[in-house]
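> Sequence and predicted structure are below.
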Amino acid sequence: MGEAARRTGGTGEQAPRRSLPAAQGGPPLLRRLPVFDRSGRFSPLKTAAFLLLAAPALALAWQGARAGFGPRPWIYLNHETGRWAVRFLLVTLALTPLQRLFRAPRLTLIRRQAGLAAAFYTFAHVFCYVADEAYAWGFIAREILLRFYLTLGFAATLMLALLAATSTDGWLARLGRGWRRLHRLVYPALILALWHFLLSLKADAGEALVCSGFAFWLLFWRLLPRARELHPLSLLGLSLASALFTAGLEALWYASVTRFAWLLVLAANLDPFRYGLRPAGWVLLAGLALVALITARSSERWGALRPLL
Ligand code: HEM
């Protein structure tokens, strides 16, 4: 997804290097392997990303071969793959801010890989559900229509399938400027996937809430004016807003799903020593760590925080 955005000039990065002729850069088929860059050269970054993105699938295969997946293997795999799909969707969206904040343009090289990995784990997730329902297509279609959380998941899956199918260079060339507009579908897809995640849970929504807080940060960071997107104070404000959003969402989730008193849930955020760090606390910590890293990395930016210290 990301390399294409560079080509269309959306991120203001350098244009990609022209591909070498086949004789110099190796056969074109080889260039398609996820360990080579566009010019056909071996890329340690893409190789490391590929291995990291494949690691959960390999770990699951290893676990299956050694110990199995318990009494309901398809359900177990459905849960695992669903969580990895959401995590990799977040990673995909995190690469642009990380690339800008740490001035690491090469990170865009792995954005398409991360997006495709998210789509891959999504398809595996849906396949596990279908297998668990013994391929009863009529029943599955009715469930998707009648159960709201499945309808949400289905809509997100359609969007991710469209994004994965059009992520190739061929589609990028064919769609031109429309490609970037189409690929903005990743934002509603993420929101629907998180909503589906939250509604599918009956207890312990911790990870879904932390992911929602990160998603809030990633989506609203994109709305910051270009001149403010690297500013520590903007990032500090965004981190606080993300934590508040997460705390509110947690209260809402407990009130609607478990009927637990939402005020008590909100109050638990204020006493981390008694109740442990709530999801909002983790989101805030991550945001603050990022602000600290950014400010430490470029000392001139300390000036922006000085009035507060
Ligand atoms: C046709 C589309 C989809 C179907 C039929 C589907 C089905 C399901 C089912 C049956 C569950 C388990 C509910 C339970 O245990 O009671 C679930 C949970 C989940 N789904 Fe989906 N899903 C779909 C799309 C998606 C998408 C697009 C994502 C993310 C990108 C996703 C992520 C998750 C996550 C994170 C969970 C929670 C797993 C856990 O409890 O550990 N799903 N889904």
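That came in fine, so what should we check first?
> tell me the mean pLDDT over stretch 291-306?
Averaged across stretch 291-306, pLDDT comes to 67.
> sorry, that was for stretch 115-124
Mean predicted lDDT for stretch 115-124 stands at 98.
> for stretch 132-147, same thing?
98.
> Spatially nearest residue to the closest residue to the ligand within the stretch 1-150 of the chain, not counting backbone neighbours?
Residue of the stretch 1-150 of the chain nearest the ligand, by Cβ to the nearest ligand atom: G82 (2.8 Å). Quick note: C-beta positions are derived from backbone N, CA and C, even for glycine. In this structure, G82 finds its nearest non-sequential neighbour in H125, 4.4 Å apart by Cβ to Cβ, 6 or more residues apart in numbering.
> Please identify the helix or strand for the one you found.
Secondary structure from DSSP states H and E places H125 in helix 111-132.
> hmm, back to that, verify the stated contact: the residue nearest to G82 with N78.
Yes - with contact defined as Cβ atoms under 8 Å, H125 and N78 form a contacting pair (5.7 Å).
> that older thread, go through whatever helix or strand comes next after the helix holding H125 and flag the buried ones.
Downstream of helix 111-132, the first helix or strand assigned by DSSP H and E is helix 137-146. Across helix 137-146, burial judged by 16 or more other Cβ atoms under 10 Å covers 140, 144.
> Please apply the same query to stretch 145-162.
150, 152-157, 159-160.
> which outside residues touch it?
89, 118-119, 122-123, 126, 143-144, 182, 185-186, 188-190, 192-193, 195-196, 199-200 (Cβ atoms under 8 Å, 6 or more residues apart in numbering).
> Kindly recompute the last result at 7 Å.
118-119, 122, 126, 143-144, 185, 188-189, 192-193, 195-196, 199-200 (Cβ atoms under 7 Å, 6 or more residues apart in numbering).
> now that stretch, how far from the chain's geometric center?
17 Å (Cα atoms, centre = their mean, to the nearest Å).
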